[in-house]
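Engineer: Build the 3D model from these lines:
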Amino acid sequence: MTTSNSTLLMSRVTFGRALRRLRSGVNHFTLVDVAAALDCDTSLISRIETGKRVCSQQHFTKLMDLYEVPASQRDELVELYAASRDRRQPWWSPYGDVISAQYERFIGFEAVASTVHEYQVGILPGLLQTEAYAQAVTSVGFTSLGPDQIEALVEVRGLRQRHRLLETDAPMQCNYVVTQAALEFRVGGERTHREQLEHLLEISKHGSVDLRVIPYDKGEEAAQIGAFMILEFSDEDVPDVAFGESVAGSLTIDGPRDLRRLHRLFRSLAEAAYSPEESRDIIARTLNKED
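Structural biologist: Reported below is the predicted structural model:
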């Protein structure tokens with residue numbers, strides 16, 4: 001993976017996973033073993049392996065020697081290492097004053113994900129929102145921010161839509177499950193609500209969008225409190241990552257067991273939902289009620 005087709009974050013994740021494979025290879029080094037050899041904390045090694053910390057040149061050289069990496073393999077690792085230190089800025093860098101570290105991490109993963117599985121309870125997925133709808137939900141969700149900051153976050157959401165779905169030759173496959181309640185809430189008032197439903201009908205026909213609605217009569221089958229999304233990547237070196245939403249903010253979930261559970265849960269929710277065609281019918285009926 002190179003920076004020509006990935007973000008800096010993903011390059012670091014790929015490089016970190018390569019180091020982890022080397023550490024757990026023939027010699028079966030533990031984090032403690034490596035930290036002792038490099039005279040640093042185990043947390044530093046862990047963060048480098050998860051892509052959360054840049055590896056210094058000195059540590060990289062020591063790791064290559066410690067793991068006894070042959071010259072033929074070092075060339076590839078040197079390329080990965082160089083990509084992980086690339087200084088080119090991603091499209092969202094101008095918004096650094098309003099994007100939190102957690103949100104930036106999420107955007108970095110989303111920027112190169114091949115597929116998203118997302119479940120929403122009371123609002124519609126961000127990539128399907130109109131500008132007015134996004135303005136309304138952002139104004140409520142970030143009440144401590146000023147109007148200019150709110151506007152910047154709405155712009156970021158619009159750019160995410162363009163980069164990952166609407167204006168790209170390689171759109172992300174978007175699999176969405178939402179509750180009927182998400183269609184009913186009049187976010188932003190009657191006009192914004194109508195425009196959002198009309199937009200939803202149109203964008204749900206996009207070749208990369210699979211939108212399914214769980215009706216009220218499914219009861220406990222749709223009674224999941226928290227929204228979540230799972231991102232998948234075409235690069236086999238990059239594992240799935242999930243994000244859960246709460247009042248405390250977004251939570252990153254990358255444990256294999258938790259990811260398996262979320263995948264099962266999403267499949268269950270999708271099975272409880274209407275098909276994409278039936279879901280468009282219920283969106284249309286909801287829209288007609290506005291007349």
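Engineer: From here on, just use CA atoms for contacts and neighbour counts.
Structural biologist: Fine.
Engineer: So which residues of the stretch 1-150 of the chain form strands?
Structural biologist: Here the stretch 1-150 of the chain has its strands, by DSSP state E, counting those that start in this stretch, at 115-120.
Engineer: so where's it uncertain?
Structural biologist: Low-confidence segments of the stretch 1-150 of the chain (pLDDT under 70): 1-7, 26, 143.
Engineer: let's go with 80 and repeat that
Structural biologist: 1-10, 26-27, 86-88, 141-145 (pLDDT under 80).
Engineer: Grab the nearest non-local neighbour of residue 153.
Structural biologist: Leaving aside its chain neighbours, residue 153 sits nearest to residue 98 (6.9 Å; criterion: Cα to Cα, 6 or more residues apart in numbering).
Engineer: Then residue 74?
Structural biologist: Nearest non-adjacent residue to residue 74, counting by Cα to Cα, 6+ apart: residue 64, 7.5 Å away.
Engineer: residue contacts, residue 164?
Structural biologist: 110, 111, 170, 171, 172 (Cα atoms under 8 Å, 6 or more residues apart in numbering).
Engineer: Put together a markdown table for those residues, with distance to residue 190 and neighbour count on each row.
Structural biologist: Output for those, formatted as a markdown table (distance: Cα to Cα, whole Å; neighbours: other Cα atoms under 10 Å):
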| residue | distance to residue 190 | neighbour count |
| --- | --- | --- |
| 110 | 31 | 22 |
| 111 | 33 | 20 |
| 170 | 34 | 12 |
| 171 | 31 | 19 |
| 172 | 31 | 23 |
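Engineer: And these, which two are furthest apart?
Structural biologist: Greatest spacing in the contacts of residue 164, by Cα to Cα: 110 and 170 (13.0 Å).
Engineer: Any idea how many residues pack against the closest residue to residue 180 other than its chain neighbours?
Structural biologist: Closest residue to residue 180 apart from its sequence neighbours, by Cα to Cα, 6+ apart: residue 215 at 5.1 Å. If you count neighbours by other Cα atoms under 10 Å, residue 215 ends up with 18.
Engineer: Same question for residue 122.
Structural biologist: By other Cα under 10 Å, neighbour count at residue 122 equals 18.
Engineer: Check residue 208 too.
Structural biologist: Neighbour count of residue 208, defined by other Cα under 10 Å: 17.
Engineer: which ones are touching it?
Structural biologist: Counting by Cα under 8 Å, 6+ apart, residue 208 touches 165, 171, 172, 173, 174.
Engineer: what's the answer for residue 35, then?
Structural biologist: Each residue near residue 35 by Cα under 8 Å, 6+ apart is listed here: 41, 42, 45.
Engineer: Over to residue 47?
Structural biologist: Going by Cα under 8 Å, 6+ apart, residue 47 touches residue 53.
Engineer: Next, the distance between the ends of stretch 250-262.
Structural biologist: Terminal residues of stretch 250-262 lie 15 Å apart, using Cα to Cα, to the nearest Å.
Engineer: Let me see the mean pLDDT of it.
Structural biologist: Stretch 250-262 carries an average pLDDT of 91.
Engineer: Show me which residues of that stretch are buried.
Structural biologist: Going by neighbour count (16 or more other Cα atoms under 10 Å), the buried part of stretch 250-262 is 252, 253, 259, 262.
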